[in-house]
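Colleague: the following block contains a protein sequence and its predicted model.
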Amino acid sequence: MKAQTLAIIGGSGLYEMGWLEDIEEVSVATPYGLPSDAILRGRVRDGEATVLFIPRHGRGHRFSPSTINYRANICALKMLGATHVLSVSAVGSLREEIAPGSLVIVDQFVDLTKRRTSTFFDEGIVAHVAFADPTCPILADAVQQAAQSSSVQVHKGGTYVCIEGPQFSSRAESQIYRGWGAHVIGMTNMPEAKLAREAELPYVTLALVTDYDCWSADKEAVSMEAVVEVLNRTVGHAREIARALAHTLPDVSTSPAQHALKRAIITTAPATGPDARARLEWLLGRRA
Ligand SMILES: CSC[C@H]1O[C@H](OP(=O)(O)O)[C@H](O)[C@@H]1O
Ligand SMILES: Nc1ncnc2[nH]cnc12
């Protein structure tokens with residue numbers, strides 16, 4: 001098996017891991033501009049894997065969901081050798097049984113974002129990757145295993161609706177998403193998961209449920225105050241699960257992400273623009 005590198009994308013409330021050792025800070029320039037912050041590269045004690053960490057909003061939470069440079073983040077992680085991606089995200093719950101304080105290992109997405117670049121293949125070269133199963137089931141199983149000793153409830157599987165934000169939803173919107181059968185709501189996993197797929201990176205989301213959004217007349221509507229209060233209580237669980245995962249990274253050679261580009265590129269080699277070829281060198285190498 002090739003060397004394993006776990007990339008952790010930290011969401012709201014998760015701006016450092018606490019357990020990373022032998023840390024170096026790596027600044028990466030990408031063809032898409034700068035990632036949200038310098039990437040921390042280190043190790044987990046007594047583990048073999050390299051661990052990369054990037055806070056998607058930047059340290060100090062400087063980038064809104066709409067202004068995060070998702071392409072630069074995914075590109076930088078791939079350039080640094082990521083083989084597995086764990087996305088950690090705060091979400092609202094759209095289901096009674098998914099209570100604030102619990103965790104969800106997300107396996108589906110509904111993309112309602114409106115103003116984000118969601119592909120590496122927008123100019124000079126066209127690709128259509130399969131996205132029926134947007135997360136890596138092998139990595140999801142490993143996250144579930146890693147969460148087994150956690151004292152919080154973990155729901156395996158769930159659909160994440162990604163809104164543009166930064167405002168939270170109206171009650172009418174929240175009820176519509178519930179009616180669609182979605183489980184949780186957030187603002188950041190799209191296009192992150194799509195880009196990870198295009199970069200052939202196995203990706204899974206560990207969602208920290210912070211609130212019940214605003215679909216219920218019996219419950220307090222989501223507020224930043226409530227989100228922060230719950231995050232302060234639960235982010236430690238995400239840190240511990242990520243640490244356990246770093247010790248037990250699975251073989252993801254059969255992940256749906258692994259050969260996502262194999263038959264996805266439709267542009268012929270002679271028609272591929274030289275600029276696109278150069279821009280995608282980090283991903284396609286000699287393939288383009
Ligand atoms: C702080 S509440 C709203 C904010 O939190 C979530 O971000 P992340 O997925 O990075 O944890 C949500 O999507 C919003 O961006
Ligand atoms: N209710 C909610 N809607 C959107 N993003 C969230 N992040 C945390 N709670 C959320």
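Modeller: Looks like it arrived, so ask away. Ligands and ions are numbered 1, 2, ... in the order given.
Colleague: just the CA coordinates for the helix or strand harbouring Pro191, please, in PDB.
Modeller: In the assignment (DSSP states H and E), Pro191 maps to helix 189-198. Extracted C-alpha coordinates of helix 189-198, given in PDB (Å, rounded to 0.1, in the frame of the first residue of the first chain):
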ATOM      1  CA  ASN A 189     -19.700  20.800   1.800                       C
ATOM      2  CA  MET A 190     -20.500  21.900  -1.700                       C
ATOM      3  CA  PRO A 191     -18.500  22.200  -3.800                       C
ATOM      4  CA  GLU A 192     -15.800  20.800  -1.500                       C
ATOM      5  CA  ALA A 193     -17.000  17.200  -2.000                       C
ATOM      6  CA  LYS A 194     -17.400  17.600  -5.700                       C
ATOM      7  CA  LEU A 195     -13.900  19.000  -6.100                       C
ATOM      8  CA  ALA A 196     -12.500  16.200  -3.900                       C
ATOM      9  CA  ARG A 197     -14.100  13.700  -6.300                       C
ATOM     10  CA  GLU A 198     -12.600  15.400  -9.300                       C
END
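Colleague: who does that helix touch, helix- and strand-wise?
Modeller: helix 70-79, strand 84-93, strand 108-111, strand 159-162, strand 203-211 (3 or more C-beta pairs under 8 Å, 6 or more residues apart in numbering; DSSP states H and E). In short, each C-beta sits where N, CA and C put it, glycine included.
Colleague: each with direction, which strands does the last one pair with?
Modeller: Think strand 203-211. Strand pairing for strand 203-211, using DSSP bridges, gives strand 84-93 (parallel), strand 103-106 (antiparallel).
Colleague: the residue of the chain found nearest ligand 2 pairs with what?
Modeller: Per C-beta to the nearest ligand atom, Gly92 is where the chain lies closest to ligand 2, at 2.3 Å. In this entry, Gly92 is beta-bridged to Ile185, Asp211, by DSSP bridges.
Colleague: okay, now it: neighbour count?
Modeller: Residues contacting Gly92 under the criterion other C-beta atoms under 10 Å number 28.
Colleague: so it sits against Leu208, correct?
Modeller: No - counting by C-beta atoms under 8 Å, Gly92 does not reach Leu208; the two are 10.6 Å apart.
Colleague: name the residues of this protein found near ligand 2, please.
Modeller: Proximity of the chain to ligand 2 (C-beta under 6 Å from any ligand atom) is limited to residues Ala90, Val91, Gly92, Phe168, Ile185, Gly186, Met187, Thr210, Asp211, Asp213, Val222, Val227.
Colleague: tell me where the stretch 151-288 of the chain has helices.
Modeller: Secondary structure of the stretch 151-288 of the chain (DSSP state H, counting those that start in this stretch): helices at 171-179, 189-198, 224-247, 274-279, 281-284.
Colleague: make TSV out of those helices and add mean neighbour count and distance to Ser12.
Modeller: Listed next are the helices of the stretch 151-288 of the chain as TSV, based on neighbours: other C-beta atoms under 10 Å; distance: least, C-beta to C-beta, whole Å:
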stretch	mean neighbour count	distance to Ser12
helix 171-179	16	19
helix 189-198	26	12
helix 224-247	18	6
helix 274-279	15	31
helix 281-284	16	28
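Colleague: where does the stretch 1-150 of the chain have low pLDDT?
Modeller: Confidence mapping of the stretch 1-150 of the chain against pLDDT under 70 gives the ranges 1.
Colleague: hmm, 80 instead?
Modeller: For the stretch 1-150 of the chain, the stretches with pLDDT under 80 are 1-2.
Colleague: for it, which segments are assigned as strands?
Modeller: Assigned by DSSP state E, counting those that start in this stretch, the stretch 1-150 of the chain shows strands spanning 5-10, 21-26, 39-43, 50-55, 84-93, 103-106, 108-111.
Colleague: can you lay out those strands as JSON lines showing distance to Pro191?
Modeller: Formatted as JSON lines, the strands of the stretch 1-150 of the chain follow (distance: least, C-beta to C-beta, whole Å):
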{"stretch": "strand 5-10", "distance to Pro191": "13"}
{"stretch": "strand 21-26", "distance to Pro191": "23"}
{"stretch": "strand 39-43", "distance to Pro191": "19"}
{"stretch": "strand 50-55", "distance to Pro191": "16"}
{"stretch": "strand 84-93", "distance to Pro191": "12"}
{"stretch": "strand 103-106", "distance to Pro191": "15"}
{"stretch": "strand 108-111", "distance to Pro191": "7"}
